[in-house]
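Colleague: Provided below for reference: sequence and predicted model.
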Amino acid sequence: MTKCILATGGAGYIGSHVVTELLDAGYRVVILDNFENSDPDVVRRIKRITGRNVSLVTGDVRDRGTVERVLRMYNVDAVIHLAGKKAVGESVADPMLYFGDNLNGAISLLTAMKGAGVSRLVFSSSATVYGIPKTLPVTESARVSVTNPYGRTKLIIEEMIDDLIASDPTFAAISLRYFNPVGAHETALIGENPRGIPNNLFPFVAQTAAGERDRVQVFGGDYDTPDGTGMRDYIHVVDLAKGHVAAIRRMMSENETGQHRRINLGTGTGYTVLQVIEAFSKACGFPIPYAIVPRRAGDAAASVADPSYAKQCLGWRATFGLDRMCQDQWAFNSRVQAAEKMPPSRTRPNGKMAEYSPLPQPPLVAPDRLHH
Ligand code: NAD
Ligand code: UD1
């Protein structure tokens, strides 16, 4: 029987790519999402990309009753937990919002999984748990140290999973520590276009290329890196999504029982801010304006993954390079921008995911409803 995976937050940026790869790999998938940072239209797009059906439950992961009913109703075999809040600055300004959402979401999900007898979990963690890395590349045994409430929620949830497994060794989990996910699906139908001014480099560069911002502000030009600007391990979101499929495969094997693995998902190659701007300029065909400004508080000079444990444990490695990340991000932003220039009747009110697409639209499939 085909295995069924529940993806909490499956309509989001990373979740939509994960769901696409799971469907392509032949899994049945249920998305649970409250759409606080995504659009239901994404689910229709996933169906267009894959030609497969995906079940959708509109709901909140903090609602334990709903989660438990979903796990039972769909005979879920494993969960990928992506739902939650992710903006570092917002978490510093309002820590209780982040503890309330991210920690309560995890408590609700883990309790529901125990109740329904579902014992396999993949958790979206982050390289932010390494704080300012002391040595590069960063291995999974590097000391953890959080620098903001968002990062603290990731660390606490990882530790919560440890304690649950200690109490119930039938359980198994993999926490995937993402480095810097960027880019979009090759169809340009799914990707990330944050509301408001982007905090992260890639969407900011893309919006500058699209003429929505005057110039990229390069935070710091005096770091100890080859050109003085910050260095990161950018990973194509499709590579990242394939890492989740590999993690699910691994988790389904009997001898994973009782294990909680932490695994880096990165490429092992670092690029500076100026290298990203240069590669993006090549992708869009014209130079992107920038100015070097003071450092951003809390930023590390450099963060690069050691991806060897992911290769050894999951048989996975990233395949796309920086040029492809920029090309796919640019194609996605260009499509969204073209959509936003359509007459108002065809543009969504929040401007996030526009209805317009150059490809023919299949009929909208009504989302599955959860019966109480
Ligand atoms: P996203 O905001 O695009 O996706 C999160 C999804 O979860 C959204 O669709 C949102 O509507 C949904 N959601 C939020 N709270 C929910 C709730 N209480 N109940 C149900 N649905 C809820 O974010 P993303 O970039 O796709 O990130 C996914 C996960 O990966 C997050 O846990 C994030 O912390 C983690 N992560 C992201 C990055 C990154 O750079 N994007 C890096 C490291 C880790
Ligand atoms: C940020 C978060 C991190 C999170 C990650 C992925 C902070 C301090 N850290 O990491 O917790 O896991 O996003 O979502 O927010 N840069 C510019 N100009 C910009 C934006 C960024 O120069 O407008 C630089 C930064 O200084 C950094 C690099 O670009 O050197 C990447 O920045 P960003 O995309 O925000 O990711 P991180 O800082 O790695």
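Modeller: Here it is on my side, so go on. Ligands and ions are numbered 1, 2, ... in the order given.
Colleague: Neighbouring strands of the helix or strand Val29 falls within in the sheet, and parallel or not?
Modeller: Per DSSP states H and E: Val29 is located in strand 28-33. Under the criterion DSSP bridges, strand 28-33 sits next to strand 4-8 (parallel), strand 55-58 (parallel) in its sheet.
Colleague: Out of these, the one nearest ligand 1 is which?
Modeller: Each of the strands paired with strand 28-33 was checked against ligand 1 via Cβ to the nearest ligand atom, and the shortest separation belongs to strand 4-8, namely 5.9 Å. Backbone N, C-alpha and C define where each C-beta goes, glycine included.
Colleague: ok, and what's touching that closest one?
Modeller: If you take Cβ atoms under 8 Å, 6 or more residues apart in numbering as the criterion, strand 4-8 is touched by 15, 18-19, 22, 27-33, 61, 67, 70-71, 74-83, 105, 109, 118, 248.
Colleague: Got the phi and psi for the residue in the chain that ligand 1 sits nearest to?
Modeller: For the chain, the residue positioned closest to ligand 1 under Cβ to the nearest ligand atom is Gly12, at a distance of 2.0 Å. Phi and psi for Gly12, reported as degrees, to the nearest 10, are phi -80, psi -170.
Colleague: any idea how far it is from Ala83?
Modeller: Here Gly12 is placed at a distance of 8 Å from Ala83 (Cβ to Cβ, to the nearest Å).
Colleague: any residues in contact with both of those two?
Modeller: Listed contacts common to Gly12 and Ala83 are Asp33; contacts here mean Cβ under 8 Å, 6+ apart.
Colleague: How many residues are close by Asp262?
Modeller: Small correction: residue 262 is Arg, not Asp. Other residues near Arg262 come to 19 when the count uses other Cβ atoms under 10 Å.
Colleague: In strands, which of the contacts of strand 4-8 fall?
Modeller: Among the contacts of strand 4-8, DSSP state E puts 28-33, 78-81 in strands.
Colleague: so what's the residue of the stretch 101-250 of the chain found nearest ligand 2 closest to, chain neighbours aside?
Modeller: Using Cβ to the nearest ligand atom, the point where the stretch 101-250 of the chain gets nearest to ligand 2 is Gly230, with a distance of 2.2 Å. Distances taken as Cβ to Cβ, 6 or more residues apart in numbering place Val273 nearest to Gly230, at 5.4 Å, with adjacent residues excluded.
Colleague: wait, doesn't that neighbour sit right on Pro226?
Modeller: No: under the criterion of Cβ atoms under 8 Å, Val273 is not in contact with Pro226, lying 11.4 Å apart.
Colleague: more crowded one of these two?
Modeller: Taking neighbours as other Cβ under 10 Å, Val273 and Pro226 compare with Val273 leading, 25 against 12.
Colleague: For the more buried one, give its distance to Leu82.
Modeller: Taking Cβ to Cβ as the criterion, Val273 is separated from Leu82 by 27 Å.
Colleague: what residues are up against Met272?
Modeller: For the record, residue 272 is Thr, not Met. Contact analysis of Thr272 by Cβ under 8 Å, 6+ apart lists 225-227, 229-231.
Colleague: related to what we said a few turns ago, could you dump the strands paired with strand 28-33 to CSV with mean neighbour count?
Modeller: Conversion of those to CSV gives the following (neighbours: other Cβ atoms under 10 Å):
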stretch, mean neighbour count
strand 4-8, 26
strand 55-58, 21
